[in-house]
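Undergrad: Provided below for reference: sequence and predicted model.
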Protein chains: 2
Amino acid sequence: MVRIRNMEEFATLSGVSRPTVSKYFHDPSSVRPKIRAQIERALEQYDYQPNIFAINQNRKLTKNIGIVVPYLADPFFAEIARNLEQRCLAAGFQPTLYSSHGQPDLEVGILSNLRRLKPAGVLLAPLGRVSNRAEIEKFCKDVPTVLFDSALDDVGLAFIGSDNPNLALQIVDYLCRSGEPPCFMEMKTPANPNANKRREAYLQAMAHFGQTPQIVKIEGIGWAFEEIGYTYGGAALASNAFATNTILCSNDRLAIGLLSACYEQQIRVGMTPGCAIRVAGQDDHPFSRFTCPPLTTVAQDYESISAKSLEILMQVIDGGAVDAAKTLFEGRLVMRQSA
Amino acid sequence: MVRIRNMEEFATLSGVSRPTVSKYFHDPSSVRPKIRAQIERALEQYDYQPNIFAINQNRKLTKNIGIVVPYLADPFFAEIARNLEQRCLAAGFQPTLYSSHGQPDLEVGILSNLRRLKPAGVLLAPLGRVSNRAEIEKFCKDVPTVLFDSALDDVGLAFIGSDNPNLALQIVDYLCRSGEPPCFMEMKTPANPNANKRREAYLQAMAHFGQTPQIVKIEGIGWAFEEIGYTYGGAALASNAFATNTILCSNDRLAIGLLSACYEQQIRVGMTPGCAIRVAGQDDHPFSRFTCPPLTTVAQDYESISAKSLEILMQVIDGGAVDAAKTLFEGRLVMRQSA
DNA sequence: ACTTAATTTTGTCGCGCGTAAAATTTTTTG
DNA sequence: CAAAAAATTTTACGCGCGACAAAATTAAGT
């Protein structure tokens, strides 16, 4: 069997002209069935693949889609990235995954790199407050970009995320109905993008139910939320910093750390007799159902968020207009034993 | 400010010839300091970047490195991938991250795609038993590939991983010294690549210490190890399937699930009075220290594995030969409260 | 100032494929 | 079945840069 060097050779061997072969690779259904069968027969025989660099050099937009998340070692983002990847593949695009690793300069670097790759579109979950807004804005002007998870006002084609006020309303409502109203635990300088929205949502929800809010801000820097929840959440617990026996954490990972601290301090968590406090989170992190006790939380609608994000991006890639600049999905209360 | 279309234009604007600019981008230190300063001054002014596709079309090897892991939503792989990514960047290469998502056909697809990208090298953690060995072997013949985490005999330039017998020896020794000898819990049809090696290592270690081994195989398919450990490990526990009160799990994620089941069944885990069983894992998963009780385990040497993997790959890329076909790192016993 | 070595410039070719326009073939339509 | 419409082939050019050779320039050493 011969090794094929280029499209010219392959075209000759399959008995079709090169431009037609080119057209076939661009869209197999764009050539007549007979010709298509001819090409595909040759394809099985010689297994030729067009040079990807030569292709993309002359195309304004490639078949690539960039997926950027702030921190891939966070299972929440790993999971949503996995979801998005598979959807891209199903849609006939080639996803490329990037993690900003919590570093704004890396985020900018990724976008800079992405721009050179001329992707058809980008799905970006920005770092949030610490993001270099100007750079991201510039990028979005050059490349069709849909933001998800965390919004930057007026940047990108659209934003898809969770309705934080709704999440808070659900969990706060539940916690108030089933016991003492919740205090809110968060990091003083939070790394995760949605932290501010969640605090505000908590305050709104508490006001809505006529309860007095209390926010406990703990130390700690970076993305090691479990560690932070364990160390500083545990310290807050030990020093009786919480006004009620119910703690709503800004996110599940902090709650997981806090649960660990509770265990160490022999503070029983839950609603059964003998339990001293209740702990709840937000996100429905993949591991939250395996904590001890299993964590009560509000789930983000991963599926809908990723589906809608890609849907909008596809719409724009296909030349359509964006119908909704902002789509927020409601949460789903997940009652487990911790609260 | 003018928008620059190509290297020719940029060369003119910076007062240097195009081949020299080309040389500069290939290696900035290869041009005279004065010329270099000239180019870099122009670079700041016009921010031009060479077309990445045109570059790679004419280079036999690009500055890309592919990183492939079997399942990115597993924090263990997410963490090691993060480590590798940053090392690649530091070495002046562009890492691209791929996850096989546990699917052998996806793994082959990724390699097929990677081949077209002409990467300088690839760091591959294969799926293991379910991998399409023939395809991976073919790939390794075309692209310099270092395997890590899970070996395929005689495939790739080298293999870097953990010394499973050593891991087992350490944890089994500790468990035997501190209480009853451990049973071994694993999946009947395990998804994670190292499972078989770990079973054998357990048997060897038990033999070494003159103990009678017992292996408990639980049901469950796929990568949702916590879920499987919780459901089927919990069932095994409820039916008294374990011969001793000490359970060594094939990996930490199974142990995390099992701990959750213990909590539900009100079986106290640990070494303090009142505790019915002990549970240990292997890996030192990022979340293992936050379980209740914190999980005793043997840590894999993430840092060394990723450092050595990239080191060998770099060596080969720079035209050197591989000195060691196989490098195994010892584990580190992590004593916590679960055993 | 002169020789020598190191760089840079000039010029030219090729990579593999996209793409447009014109010529030809095939299919559809009346 | 002829004419119109659609698809394909032919022809030709361009993309942006790597690679190389020969000529010109610059820098270093004596």
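TA: Good, I have the coordinates.

Undergrad: Can I take it that A:T297 is in a helix?
TA: No. A:T297 is assigned strand when assessed by DSSP: H, G, I helix; E, B strand; the rest coil, not a helix.

Undergrad: That one pairs with what?
TA: Taking DSSP bridges as the rule, A:T297 bridges to A:V334.

Undergrad: That one - how many residues pack around it?
TA: Applying other C-beta atoms under 10 Å in any protein chain shown, we find 31 residues neighbouring A:T297. For every residue, glycine as well, the C-beta is placed using N, CA and C.

Undergrad: Please report the distance of it from A:S304.
TA: 17 Å (C-beta to C-beta, to the nearest Å).

Undergrad: Please apply the same query to A:S162.
TA: 9 Å.

Undergrad: which neighbours do those two share?
TA: A:F329 (C-beta atoms under 8 Å, 6 or more residues apart in numbering or on different chains).

Undergrad: So between the two, which is more surrounded?
TA: The neighbour count for A:S162 versus A:S304, taken as other C-beta under 10 Å, is higher for A:S162 (27 against 15).

Undergrad: Nearest spatial neighbour of A:A54, chain-adjacent residues omitted?
TA: Excluding the flanking residues, the one nearest A:A54 by C-beta to C-beta, 6 or more residues apart in numbering or on different chains is B:Q57, at 5.5 Å.

Undergrad: and what of A:A235?
TA: Closest to A:A235 by C-beta to C-beta, 6+ apart is A:I218, at 7.5 Å.

Undergrad: partner residues bridging the one you found?
TA: Bridge pairing for A:I218 - DSSP bridges - gives A:M187.

Undergrad: mind listing what it touches?
TA: Counting by C-beta under 8 Å, 6+ apart, A:I218 has contacts A:M185, A:E186, A:M187, A:K188, A:I228, A:G229, A:Y232, A:G233, A:A235, A:A236.

Undergrad: Who wins on neighbours among these?
TA: Using other C-beta under 10 Å as the neighbour criterion, A:G233 leads these with 33 neighbours.

Undergrad: Hmm, that residue is touching A:I256, no?
TA: No. Between A:G233 and A:I256 there is no contact under C-beta atoms under 8 Å: 10.0 Å.

Undergrad: so what's A:A339 scoring on pLDDT?
TA: Per-residue confidence (pLDDT) for A:A339: 88.

Undergrad: List the contacts of A:T291.
TA: By C-beta under 8 Å, 6+ apart, A:T291 lies in contact with A:A255, A:I256, A:L259, A:S338, B:S260, B:T291, B:C292.

Undergrad: next one: A:G102
TA: Contacts for A:G102 (C-beta under 8 Å, 6+ apart) come out as A:P70, A:Y71, A:L127, A:A191, A:G222, A:W223.

Undergrad: now swap in A:A236 and tell me
TA: Residues in contact with A:A236, defined by C-beta under 8 Å, 6+ apart, are A:M185, A:V216, A:I218, A:F242.

Undergrad: In JSON lines, list the contacts of A:G102 along with distance to DNA strand D.
TA: JSON lines is the format used below for those (distance: C-beta to the nearest atom of the strand, whole Å):
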{"residue": "A:P70", "distance to DNA strand D": "31"}
{"residue": "A:Y71", "distance to DNA strand D": "33"}
{"residue": "A:L127", "distance to DNA strand D": "30"}
{"residue": "A:A191", "distance to DNA strand D": "37"}
{"residue": "A:G222", "distance to DNA strand D": "38"}
{"residue": "A:W223", "distance to DNA strand D": "36"}
